[in-house]
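Asker: Predicted model and sequence follow; I will ask about them next.
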Amino acid sequence: MATTVVNEYRLNEDNELRLEVSNEDVVIELLNGTAELFGTQLILHKRYTLPAGFRGAIFTYQGAVIEVIGKTDSAYIAQQTPMIIYLNTHVALEALRENAEMQLKQDPNSTVRGPRIMVAGPTDVGKSTLCRILCSYAIRQSRTPIFVDLDIGQSSISIPGTIGALYIEKPADIVDGFDKNSACVFSFGHLSPAVNLLLYKTLITELAKVVKKKCKQQIAANVGGVVINTCGWVKGEGYDCIVHAAEAFEVDVVIVLDHERLFVELQHDLPSFVKILHQPKSGGVESRSREFRALSRRNVIHRYFYGPRNNPYFPHTFEISFDKPIDEQELIVAKFGAEQLPESCLPYGMEPEEHRTKVVRISISNELKNCVLALMPPSVNKVDQTLLEKPVHGFIVITNVDMEQKILSILSPQPYPLPSKIALFSEVTFIDDENV
């Protein structure tokens, strides 16, 4: 019988224990002192189960003793970390919140607001981790920030292929992160902005409108501010998307992680009132392989339908027929982006319409098999350009398409019938092998 591996790590002040979990769960426990993971404080003598593949760093400002039960791919204590820099950033942001809160108490109609900060940098420098730390620190100060994630490849708010915003009211779970039940999500339907840059920018603009409206309606959200994560594409058109996001969300501060050229370019291209900071990445951040990214995306979608292991969900599978008249169809699929008509096909003098953001209905076909579709809100009853302005209601997967019988097999978090009959096509796929 294999012996369980138990290791004890003694961390001095401002040290962190960097962990990479292998293919089996690992349990950690804070035996003494104080420590945090992604900005969330560990509870003394409480055991936390870290799942296979987990990567993270347990940091302490004052010193701690950590017990690790189970086999890790890597576990070591690092003395050099950027956490003090990140803490100082939080302190500066909190000062801005205090100032906004004070002015709003004196004049509720004041245009003052909490800080809007954007984190930018290339792939694998720890952008999403820094965002989570800054949001967690804000929560620990009894603030309620809005977290925005524009990284459609590895979204930490919803499934891949989406952008979203999350109003945060309570601390993040050590493993599961922030509660995502109140997320506002827009479906882009691809894993890279390059597929349709205009659509990506359009959805960023729509999401920014939602966030501004929330801040206008709720003082706590306005004071808490906004923390924005971006994609790792920092050159050419990717850089243009970063600038567009900064303008759409009217950011006050941009943190550039580990990329001097991006830092200099943003200083030149953003308004002078936007403070641009250049900060180091953590030495524990490592590049992720394409295979690792693909597995992470699959795990996120699986988690959406089946939940975490400690609190599993039980999704539903059912069939619907598409052999019905148009007005009786239970599922109508649309997409953003249409084929561009050649100018020779247009009447003389007519300008071609913008095809990249045109909303069109698509036919049911075998191409839908294993595709993740974004359901529109139940109030939406027609396919038109207003779909660009609508956050999604939820997601389903088309697990099979029977073109002979004209039947769709569906994996859904909710039982039959579907809450909405209009859904957006996505190139993001998920093979449901749970019951195979």
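Answerer: Great, that's in hand. This one's a predicted model, so the numbers in the text were calculated from it and none came from an experiment. Numbering: from 1, shown residues only.
Asker: immediately after the host helix or strand of M102, which helix or strand?
Answerer: Assigned by DSSP states H and E, M102 belongs to helix 83-106. Downstream of helix 83-106, the first helix or strand assigned by DSSP H and E is strand 116-120.
Asker: In contact with the closest residue in space to R97 that isn't next to it in sequence, which residues?
Answerer: Nearest residue to R97 in three dimensions, chain neighbours excluded: G114, at 4.8 Å (Cβ to Cβ, 6 or more residues apart in numbering). Just so you know, the C-beta spots here come from the backbone N, C-alpha and C atoms, and that holds for glycine as well. Neighbouring residues of G114 by Cβ atoms under 8 Å, 6 or more residues apart in numbering: 96-97, 100-101, 143, 145, 222-226.
Asker: cool, A220 as well?
Answerer: 143-144.
Asker: pLDDT score assigned to it?
Answerer: pLDDT for A220: 94.
Asker: One more: the one 5 residues further on?
Answerer: In the prediction, the pLDDT value recorded for G225 is 96.
Asker: Distance of it relative to R116?
Answerer: From G225 across to R116, the span is 6 Å (Cβ to Cβ, to the nearest Å).
Asker: Quick check: mean pLDDT of stretch 140-149?
Answerer: 97.
Asker: List the contacts of that stretch.
Answerer: 39, 41, 94, 97, 114, 128, 131-132, 134-135, 138-139, 155-157, 163-169, 171, 178, 207, 211, 214-215, 220-221, 223-229, 249.
Asker: and if you look at stretch 105-113?
Answerer: For stretch 105-113, the surrounding residues in contact (Cβ under 8 Å, 6+ apart) are 99-100, 103-104, 215, 219, 222-223, 225.
Asker: coming back round to it: can you say which two of the contacts of G114 are spatially most distant?
Answerer: Between any two of the contacts of G114, the greatest separation by Cβ to Cβ is 15.5 Å, found for E101 and V226.
Asker: out of the two, which sits in the busier spot?
Answerer: Counted by other Cβ atoms under 10 Å, E101 and V226 do not tie: V226 has more neighbours, with 26 against 18.
Asker: Nearest spatial neighbour of that one, chain-adjacent residues omitted?
Answerer: V226's closest residue in space is R116 (Cβ to Cβ, 6+ apart), at 4.4 Å.
Asker: Quick one: the helices in the protein, in order.
Answerer: For the chain, applying DSSP state H gives helices covering 83-106, 127-140, 197-217, 219-224, 237-248, 260-269, 290-306.
Asker: among those, which is nearest V397?
Answerer: For the helices of the chain, proximity to V397 was assessed by Cβ to Cβ; helix 290-306 is nearest, at 7.3 Å.
Asker: Now do the buried residues in that closest one.
Answerer: For helix 290-306, the neighbour count (16 or more other Cβ atoms under 10 Å) marks 293, 297, 300-302, 304-306 as buried.
Asker: how is the protein carved up into domains?
Answerer: 6-80, 83-279, 315-342+356-424 (automatic domain parsing).
Asker: Let me have the ones you listed in TSV, extended by distance to S287.
Answerer: Shown next, in TSV, are those (distance: least, Cβ to Cβ, whole Å):
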stretch	distance to S287
domain 6-80	12
domain 83-279	5
domain 315-342+356-424	27
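Asker: Out of these, which one sits most buried?
Answerer: Per residue and on average, the most neighbours among these fall to domain 83-279, with a mean of 19 (mean count of other Cβ atoms under 10 Å).
Asker: from the middle of its chain, how far away would it be?
Answerer: Centre-to-centre, domain 83-279 and its host chain are 11 Å apart (Cα atoms, centre = their mean, to the nearest Å).
Asker: which non-adjacent residue is nearest V380?
Answerer: Nearest residue to V380, sequence neighbours excluded (Cβ to Cβ, 6+ apart): I422, at 5.3 Å.
Asker: mind listing what that neighbour touches?
Answerer: 332, 334, 375-376, 380-383, 387.
Asker: so the residue lying closest to V397 once chain neighbours are set aside bridges to which residues?
Answerer: Of all residues not flanking V397 in the chain, L411 sits nearest, at 4.2 Å (Cβ to Cβ, 6+ apart). With DSSP bridges as the criterion, L411 is bridged to T317, V397.
Asker: For K180, give its distance to R303.
Answerer: 10 Å.
Asker: residues in contact with G56?
Answerer: Residues near G56 by Cβ under 8 Å, 6+ apart: 18-19, 37-38, 50.
Asker: Can you name the residues bridging to it?
Answerer: Counting by DSSP bridges, G56 forms beta bridges with L19.
Asker: Excluding residues flanking it in the chain, which one is nearest S158?
Answerer: Nearest one to S158, counting by Cβ to Cβ, 6+ apart, is V185 at 4.4 Å.
Asker: Equivalent analysis for S192, please.
Answerer: Of all residues not flanking S192 in the chain, G153 sits nearest, at 6.6 Å (Cβ to Cβ, 6+ apart).
Asker: again with E237
Answerer: L197 (5.6 Å).
Asker: quick one: pLDDT of the one you found?
Answerer: pLDDT, L197: 95.
Asker: Same question for R55.
Answerer: The model reports R55 with a pLDDT of 90.
Asker: can you pull the contacts of it?
Answerer: 19-21, 286.
Asker: Now that we have the residues you listed, can you turn them into CSV and tack on distance to G238?
Answerer: Below are the contacts of R55 laid out as CSV (distance: Cβ to Cβ, whole Å):
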residue, distance to G238
L19, 31
E20, 28
V21, 31
E286, 22
